[in-house]
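Q: return atomic coordinates for the entry below.
(2 chains)
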Amino acid sequence: MNYPSEWSLRRAIAFCAALGVTVAAYIAIAEAGGDSPVCLAGGSGCKTVADSSYSHVAGVNIAIFGVIGYLLLLASSFFANDAARLGGFLIALGGFGYSLFLTYVEIFKIEAICQWCLGSAVLMTIIFLLSATRLIGYGGTDGAVPDRA
Amino acid sequence: MNESPERRAKLLQVAAGAAFLALAVVIALIVVNASGGGDGGDTSLEGASEVNRSLQGIPQEEMLLGDPEAPVELVEFGDLQCPYCAAYAGEILPPIIENQVKKGQLKIDFRNFTIIGPDSAEAGAAALAAGVQGRGWNFVELFYRNQGGENEGYAADEAFLEAVAKGAGVKDLDRWNEDRALKTAEVEETTAEAQQLGIEGTPTFAIRGPKTDGLEVIGTPDSTSALEEAIEGAR
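A: Below you'll find the predicted structure:
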């Protein structure tokens, strides 16, 4: 099976992770300032979600975990070796799983949608798919050789 | 390209195991949450999960429940120690919240009118401080569900107030504690406002809408349908 070149996958992961850092940092900074993220399309879903108890784990805003996760994913895209491939996949898997849970919570428990959280969930899903493709396509190969076509 | 089949097999095994584990964790989290774990803290208080579930998804800004752009505003002057207010919150208001507030047609503002005793002001300030974190109505409704006798001391008891705050889902208890001290003046202001409006008991309602002349006191409608009629008259 032909996979996109690892270089392309790494660039796409880096791009999405950088966007993710921006989104998560915005949510974290808005919350730290005593406000809530502002929904660009209007409505109060972002505030409702930010005010819910699901927005914090052990007293820490989950957006901060998001920033850390995206930074680690960004770092994993800088290296073409198995540690970075597996590490990136595992972080993306954790982020994707947690995003799934949070989206369920938004729809069925809080009954409000925060577009920033949804945006982050979409980014995490894309990164997960890219990381899985990268691991399956290039796991066990020597990163020093040219990319597979 | 140099490829190591053993290393590759090992990597994919680890990845598959992790994916399986992640799937199990997500399913477990969803099942635990679906079966009662909810948007609240201390569930030792009676009714915490019901209160939080009933208010889920409704915007709250300070003590305003509902869409701030809703065309009609109902103002409730209440005292947290008042048993009639508790009965009203339990029986008459829920259908209005469900059918009108949730649909963005009505917003309800809770204002303290402390007439029963000094403990009411302590409790009222605690509710306003919960409102700063978007949990004011959760606090008020949970307080009502666990209400004690008038002026028996429970309403100003630190442990009780903190348990209500936790059960209502107040996230930052340190901030809540700081805000309580800042909110006593607001309790006095709304009590003075009620007196200026000629209100003598709790709960008393006032309404503002397209068909009212500013904020009009409507008294205490004795049923959901009577309250709905008053709301329709203001729309």
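Q: so where is chain A shaky, pLDDT-wise?
A: A:33-36, A:40-44, A:53, A:143-149 (pLDDT under 70).
Q: show me what contacts whichever residue of chain B sits closest to chain A?
A: Closest approach between chain B and chain A, counting by CB to the nearest CB: B:R8, at 2.6 Å. In short, each C-beta sits where N, CA and C put it, glycine included. If a contact means CB atoms under 8 Å, 6 or more residues apart in numbering or on different chains, then B:R8 has A:G139, A:G140, A:T141 as its contacts.
Q: go back to those residues and keep what's next to chain B.
A: A:G139, A:G140, A:T141 (CB under 8 Å from any CB of the partner chain).
Q: now secondary structure too, for those residues, in CSV please.
A: Output for those, formatted as CSV (DSSP: H, G, I helix; E, B strand; the rest coil):
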residue, secondary structure
A:G139, coil
A:G140, coil
A:T141, strand
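Q: to the chain's geometric centre, what's the distance from the stretch of helix or strand A:G94 belongs to?
A: Assigned by DSSP states H and E, A:G94 falls within helix A:82-104. Relative to its chain's centre, helix A:82-104 lies at 8 Å (CA atoms, centre = their mean, to the nearest Å).
Q: dig out what B:V217 forms beta bridges with.
A: Beta bridges link B:V217 to B:A206, judged by DSSP bridges.
Q: for the one helix or strand in chain B whose mean pLDDT sits lowest, list every residue counted as buried.
A: Lowest by mean pLDDT, DSSP states H and E among the helices and strands of chain B is helix B:48-55, with a mean of 84. Buried residues in helix B:48-55, defined by neighbour count with 16 or more other CB atoms under 10 Å in any protein chain shown: B:A48, B:S49, B:V51, B:N52, B:S54, B:L55.
Q: and that helix, what does it pack onto?
A: Contacts defined by 3 or more CB pairs under 8 Å, 6 or more residues apart in numbering or on different chains; DSSP states H and E place helix B:48-55 against helix B:136-145, helix B:158-168.
Q: show me the helices in the chain, by range?
A: As the question left the chain open, I've gone with chain A. Taking DSSP state H, the helices of chain A run over residues A:6-32, A:45-51, A:62-76, A:82-104, A:115-138.
Q: please refer instead to chain B.
A: Along chain B, the stretches classed as helices by DSSP H are B:5-34, B:48-55, B:83-87, B:93-96, B:118-132, B:136-145, B:158-168, B:173-182, B:184-196, B:224-234.
Q: and those helices, which is most packed in?
A: Ranked by mean neighbour count, the helices of chain B are led by helix B:136-145 with a mean of 27 (mean count of other CB atoms under 10 Å in any protein chain shown).
Q: using CSV, write out every CA atom in that helix.
A: Only the C-alpha atoms of helix B:136-145 are listed here, as CSV (Å, rounded to 0.1, in the frame of the first residue of the first chain):
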residue,chain,number,x,y,z
GLY,B,136,-25.8,30.6,41.3
TRP,B,137,-29.1,28.9,40.5
ASN,B,138,-27.6,25.5,41.2
PHE,B,139,-26.6,26.8,44.7
VAL,B,140,-30.1,28.4,45.3
GLU,B,141,-32.0,25.3,44.3
LEU,B,142,-29.7,22.9,46.2
PHE,B,143,-30.0,25.1,49.2
TYR,B,144,-33.7,25.0,49.1
ARG,B,145,-33.7,21.2,48.8
